[in-house]
Every structure is written in C-alpha cells, then in structure tokens.
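Student: Got a sequence here, can you build the structure:
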Amino acid sequence: MPDERDALLLREFARSQWPLADAQFVAQVRERLQVFSARRLMGVALAGALRAIVTGLSFGIVAPLRMRNAAFIALVALGVTLWTIVGSSR
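Tutor: This is a model prediction of the structure:
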C-alpha cells in the first residue's frame, strides 16, 4: 500500500478548515426562521400534553373492550372490587 497522499482528500480537508458562514448569511437564515412567542409555545405544549392524555385514556378504555370476553372480565372485576370493599368494611 503506497504512502501517497490523496490530493482530493487534502483539498476537502483544507476546505473543512475554512471558517463557516459569515454574519450576512447567518442574518439571512435568522430572517427566514419562524419566530415563536413563549405564549404560543406554551399553548402548543399544553395542547399536545392534553391530546396525549386523552389518547392514552381512550386507548386504555377501548383496548380491553375489544377482547373476546371483555364484558365478562369487567363484571368479574367489578364483583371482586365490591367483594373486597364489603369484606374490608366488616
């Protein structure tokens, strides 16, 4: 394996050492970015959290009902709960 340097690789390395964008380029990029206010950001975050909670609850309620014997299991769970409450009140 020869110990020669690849000219293209050296050019790419030299180009990577150049300074990045100048101030004018950075200003143009910042002008194109959307400006978010803190109020809007909090509104979006709260709406997303509320949507996640509602989705989680709805899946948690609906998913077990799709099972084959869901009604029977729900009645058994209700019976066990009531039996536990009545038994602990004595």
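Student: quick one, phi/psi of Gln34?
Tutor: Recorded main-chain torsions at Gln34 are phi -70, psi 140, according to degrees, to the nearest 10.
Student: Let me know the secondary structure of Phe36.
Tutor: Each residue gets one of three states, and Phe36 gets coil by DSSP: H, G, I helix; E, B strand; the rest coil.
Student: let me fix that: Ala63
Tutor: Using three-state DSSP, the three-state assignment for Ala63 comes out as helix.
Student: Repeat that for the one 10 residues further on.
Tutor: Reducing the assignment to helix, strand or coil with three-state DSSP, the entry for Ile73 is helix.
Student: Setting aside sequence neighbours, what's the nearest residue to it?
Tutor: Of all residues not flanking Ile73 in the chain, Met67 sits nearest, at 7.0 Å (Cβ to Cβ, 6 or more residues apart in numbering). For every residue, glycine as well, the C-beta is placed using N, CA and C.
Student: Find the least confident helix or strand in the protein, judged by mean pLDDT.
Tutor: helix 7-16 (a mean of 75; mean pLDDT, DSSP states H and E).
Student: can you pull the buried residues of it?
Tutor: For helix 7-16, burial by neighbour count (16 or more other Cβ atoms under 10 Å) applies to no residue.
Student: The helix or strand hosting Val26: how far from the chain's middle?
Tutor: Here Val26, judged by DSSP states H and E, is contained in helix 23-32. With Cα atoms, centre = their mean, to the nearest Å as the basis, the distance from the averaged C-alpha position of helix 23-32 to the chain average is 29 Å.
Student: Now do that helix, average pLDDT.
Tutor: When pLDDT is averaged over helix 23-32, the result is 81.
Student: Just the buried positions in it, please.
Tutor: Taking 16+ other Cβ under 10 Å as the basis for neighbour counts, none of the residues of helix 23-32 comes out buried.
Student: Restricting the selection to alpha carbons, write the least confident helix or strand of the chain to PDB.
Tutor: Included here for helix 7-16 are C-alpha records, laid out as PDB according to Å, rounded to 0.1, in the frame of the first residue of the first chain:
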ATOM      1  CA  ALA A   7      -5.000  15.300  -3.400                       C
ATOM      2  CA  LEU A   8      -8.800  15.400  -3.400                       C
ATOM      3  CA  LEU A   9      -8.800  14.300   0.300                       C
ATOM      4  CA  LEU A  10      -6.300  17.000   1.200                       C
ATOM      5  CA  ARG A  11      -8.400  19.600  -0.700                       C
ATOM      6  CA  GLU A  12     -11.600  18.500   1.200                       C
ATOM      7  CA  PHE A  13      -9.800  18.700   4.500                       C
ATOM      8  CA  ALA A  14      -8.400  22.100   3.700                       C
ATOM      9  CA  ARG A  15     -11.900  23.300   2.800                       C
ATOM     10  CA  SER A  16     -13.400  21.900   6.000                       C
END
